[in-house]
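J.: Here's a sequence, model it:
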Amino acid sequence: RVRTRRGAHTTRRLRGQGVRCYPAHTPTALLAQAARRLARLVPLAPARAMAAQAHGYEYDIVVIGGGSGGLACSKEAAKLGAKVACLDFVTPSPHGTTWGLGGTCVNVGCIPKKLMHQAGILGEGLSDAKSFGWKVESGGLDWPALVTAVQDHIGSTNFGYRVQLRDAGVTYINAKGVFVDAHTIEATKKNGKVQTITADKFVIAVGGRPSYPGVEGDKECCITSDDVFSLAEAPGKTLCVGASYISLETAGFLGALGYEVSVMARSIFLRGFDQEVAEHIVGHMERHGTKLLREVVPTKFEKTEAGKVKVTYKNTKFGFEASDEFDTVVCAVGRTAVTLDMNLDKAGVTYNPNTGKIAAVDEQTNVPNIYAIGDVLEQRQELTPVAIKAGQRLARRLYGGSTLKMDYNLVPTAVFTPLEYGCVGMSEELAAETYGADNIEVYVSYFKPLEWMTNHEEHDGVAVREDNSCFMKVITHLPEKERVVGIHYIGPNAGEVMQGMAVAVKVGATKQDFDDTVGIHPTVAEECTTISVTKRSGASALKAAAEARVPGAPPPQPRAVPPGREPTAAQAPPARAAEMTAASANAQPGAGRSPKTRTAARRWAGVDVSTPAERETPASEPRCQQ
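T.: I've put the predicted structure just below:
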């Protein structure tokens, strides 16, 4: 017996299925929700029965992995009439940390990271509040209270995901799945009980886990991002090992929360991102208290009698060794796909034995009925929204008749360091390598948000809110009427700013389109509508007084045009033109950049980095009706 506000057509359909329907003049929210669910789920039963009868397996599709991509794919497939099961299982970290349904992002990634980053921003904002007249004093951070608040939110989200699966009609199985063959898996639950499951199709969406440096004492003495958000006690003096965005984000929020933090980097920071931007970010962190150990690798970790971690490290440039002691060591040296123990060989799926990554074309592996999405894919962005959209579109192609593929090009992203960084498209290095330095224009601007103008406080001789600390770079391709091929922004709310710009870049906006757009004043985002200084011009891009300079930069010198940014031969004086033309003819795009760096840059920019063999991998059946 259901109360419903639905129209006469829906009422007749439900009555035909044996549901007694009554008009609802004043339905409660609960009854209205029940009606919506019933109207959505009941018609799916015949379609599911026919699909199961056609192939003879237990399920139409089984998704292995309950992260963002796996959940999105499961729910979308169920909505379109498929009989779906979703497996999820978390192997405890070396330090025993585990979590609930939802994968890396909600449990030990994006969500807790952003919450702790916000806690750090609020702490730094106390200085701004004083400058606006607020009489505030900080009593320091209550770490246990912060962790409790973050974990409470995560717990509620875990529960919400289980409810969503139930409402969508997805069978949730908390078990670890390994392949027996291309249509069969064994699911082992926490109590050791093993269940055999068959399906017409499988989707591998198990994501990745943090890697360790592979030196003595790493797993015994160090933690990773799997553990840092649930530490029962404050981390104290902390070392972050790695130059990745995870390492810098962790160091950033811990430093903002008041802890002494060091970052150990083997080579460049933020590999694959714009390197001018990367140096701007770490320069700001260093001036504001983060200690940077450059060109250094750890060689040994050991526990001291006092309970600290002694870290022995080696300088890769000069060869000397040194050591220091820390309360906490966080390893952020990369991630490995959780596929190496899934018996992929038994299903016939090919993968990289070193990284666990799977090569796929339109998410389809070399085995036609097995697909992969998210962080397990070779040469794809390891980002939550990418996995979600790829999972949804895959389900629609399989069960909804869609032909729309996932577009991995021009994917925007943000790095939540103390000075946030948002970008979309190519780095300057990749643009010059792809199009040639003479064929791109690079616009740059330094500025300071209005909200920071009243704060003149200093810490250890460094301004809390420095002049010209924010930065924007717009990269255009000259032969295409200055189509914008990359935008980079450092400053407050970088993710919010960049999301809108990403739409413009995605549809092929030119620099003139940005110039024709009226900015919203006073905002930091309006900078993209007024930016006009190019590197080629050699003019100053600073916004403050003439004597001002970029924070951390050496004293002002006559501005030399950086290599590759000189005027073109047509613009140069005659005496220089012939020399430039000859040099351009002999130029080697990307010279000096390692293959690893070039590949990372192309992946983050959304450039296709698959090999011809991967792009042309044959399949024995049509790929998702495409």
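J.: where does the residue nearest to Lys511 when sequence neighbours are not counted land on pLDDT?
T.: Distances taken as Cβ to Cβ, 6 or more residues apart in numbering place Glu482 nearest to Lys511, at 4.0 Å, with adjacent residues excluded. Every residue, glycine included, has its C-beta placed from N, CA and C. pLDDT, Glu482: 98.
J.: so what's the backbone phi/psi at Glu482?
T.: phi 60, psi 50 (degrees, to the nearest 10).
J.: Make 27 the first number, not 1, from now on.
T.: That works, and once the first residue is 27, the last one we named lands at Glu508.
J.: show me the contacts for it.
T.: Glu508 makes contacts with 467, 502, 536-538, as judged by Cβ atoms under 8 Å, 6 or more residues apart in numbering.
J.: which of those has the most neighbours?
T.: Within the contacts of Glu508, most neighbours by other Cβ atoms under 10 Å means Thr502, with 25 neighbours.
J.: Just confirm Tyr238 is within a strand.
T.: No: the assignment for Tyr238 (DSSP: H, G, I helix; E, B strand; the rest coil) gives coil, which keeps it out of a strand.
J.: I'd like the distance between it and Gly268.
T.: Separation of Tyr238 from Gly268 (Cβ to Cβ, to the nearest Å): 11 Å.
J.: show me where the stretch 277-426 of the chain has helices.
T.: 301-313, 370-373, 410-425 (DSSP state H, counting those that start in this stretch).
J.: now the first one: how far from the chain's centre is it?
T.: In this case it means helix 301-313. Helix 301-313 has its C-alpha centroid displaced from the chain centroid by 19 Å (Cα atoms, centre = their mean, to the nearest Å).
J.: Buried ones in it, by neighbour count?
T.: 301-304, 306-311, 313 (16 or more other Cβ atoms under 10 Å).
J.: As a check, name the ranges of all helices in the stretch 77-226 of the chain.
T.: Going by DSSP H, counting those that start in this stretch, the stretch 77-226 of the chain shows helices at 94-105, 129-134, 136-157, 169-194.
J.: Ranking those by mean neighbour count, which comes first?
T.: Mean neighbour count (mean count of other Cβ atoms under 10 Å) peaks for helix 94-105 among these, with a mean of 27.
J.: of all the helices of the stretch 77-226 of the chain, which lies closest to Cys449?
T.: Among the helices of the stretch 77-226 of the chain, the nearest to Cys449 by Cβ to Cβ is helix 136-157 (16.6 Å).
J.: Can you pull up the most central residue in this structure?
T.: Leu409 (3.6 Å; Cα atoms, centre = their mean).
J.: residues contacting the closest residue to that one other than its chain neighbours?
T.: Leaving aside its sequence neighbours, Leu409 sits nearest to Thr439 (Cβ to Cβ, 6+ apart; 6.0 Å). Counting by Cβ under 8 Å, 6+ apart, Thr439 touches 407, 409, 448-450, 524, 630.
J.: Adding distance to Ser157 and pLDDT as columns, could you present the residues you listed in JSON lines?
T.: Listed next are the contacts of Thr439 as JSON lines, based on distance: Cβ to Cβ, whole Å; pLDDT from 0 to 100:
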{"residue": "Gln407", "distance to Ser157": "39", "pLDDT": "96"}
{"residue": "Leu409", "distance to Ser157": "36", "pLDDT": "97"}
{"residue": "Gly448", "distance to Ser157": "26", "pLDDT": "98"}
{"residue": "Cys449", "distance to Ser157": "30", "pLDDT": "98"}
{"residue": "Val450", "distance to Ser157": "33", "pLDDT": "98"}
{"residue": "Met524", "distance to Ser157": "28", "pLDDT": "98"}
{"residue": "Trp630", "distance to Ser157": "37", "pLDDT": "59"}
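J.: wait, which of those is closest to Ser256?
T.: Set against Ser256, the nearest of those by Cβ to Cβ is Leu409 (23.0 Å).
J.: and that closest one, backbone torsions?
T.: Per degrees, to the nearest 10, the backbone of Leu409 is at phi -130, psi 140.
J.: Would you check how far apart it and Ala291 are?
T.: Remark: distance between Leu409 and Ala291 (Cβ to Cβ) = 22 Å.
J.: Buried residues in the longest strand along the chain, which are they?
T.: For the chain, the strand with the greatest residue count under DSSP state E is strand 220-230. Of the residues in strand 220-230, 223, 225-230 count as buried by neighbour count, 16+ other Cβ under 10 Å.
J.: For that strand, name the packing helices and strands.
T.: strand 85-90, strand 201-207, strand 210-215, strand 396-398, helix 410-425 (3 or more Cβ pairs under 8 Å, 6 or more residues apart in numbering; DSSP states H and E).
J.: repeat that with 6 Å
T.: Using 3 or more Cβ pairs under 6 Å, 6 or more residues apart in numbering; DSSP states H and E, the elements in contact with strand 220-230 are strand 85-90, strand 210-215, strand 396-398.
J.: out of the ones you listed, nearest to Ala386?
T.: Per Cβ to Cβ, nearest to Ala386 of those: strand 396-398, 5.1 Å.
J.: pLDDT on that closest one, on average?
T.: pLDDT averaged over strand 396-398 gives 98.
J.: Give me the contacts around it.
T.: Residues from elsewhere that reach strand 396-398 (Cβ atoms under 6 Å, 6 or more residues apart in numbering): 228-230, 375, 384, 386, 389-391.
J.: what does stretch 357-364 rub up against?
T.: 232, 234-239, 248, 250, 266-268, 270, 272-273, 381-383, 402.
J.: Give me the buried subset of the residues you listed.
T.: Here, 16+ other Cβ under 10 Å leaves 232, 234-239, 248, 250, 266-268, 270, 272-273, 381-383, 402 buried among those.
J.: quick one: the helices in the stretch 477-626 of the chain?
T.: Going by DSSP H, counting those that start in this stretch, the stretch 477-626 of the chain shows helices at 520-532, 537-542, 553-556, 600-611, 621-631.
J.: Worst mean pLDDT among those helices?
T.: For the helices of the stretch 477-626 of the chain, mean pLDDT drops lowest on helix 600-611, to a mean of 41.
J.: the inter-axis angle of the longest strand of the chain versus strand 210-215?
T.: 120 degrees (axes from the mean of the first three to the mean of the last three Cα atoms, to 10 degrees).
J.: Parallel or antiparallel, which strands does strand 220-230 pair with?
T.: Sheet pairing of strand 220-230 (DSSP bridges) gives strand 85-90 (parallel), strand 210-215 (antiparallel), strand 396-398 (parallel).
J.: where's Cys99 relative to Gly487, distance?
T.: Cys99 sits 53 Å away from Gly487, going by Cβ to Cβ.
J.: got the CA coordinates for stretch 106-120 in CSV?
T.: These are the backbone C-alpha positions of stretch 106-120, laid out as CSV (Å, rounded to 0.1, in the frame of the first residue of the first chain):
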residue,chain,number,x,y,z
LEU,A,106,19.9,1.0,-15.7
GLY,A,107,18.6,-2.5,-14.9
ALA,A,108,21.7,-4.6,-14.2
LYS,A,109,22.0,-7.1,-11.4
VAL,A,110,25.0,-5.7,-9.6
ALA,A,111,27.3,-6.8,-6.7
CYS,A,112,30.0,-4.5,-5.2
LEU,A,113,32.9,-6.0,-3.3
ASP,A,114,35.0,-3.9,-0.9
PHE,A,115,37.7,-5.0,1.5
VAL,A,116,40.4,-3.0,3.3
THR,A,117,43.7,-4.7,4.2
PRO,A,118,45.0,-3.0,7.4
SER,A,119,48.1,-0.8,6.9
PRO,A,120,51.4,-2.0,8.5
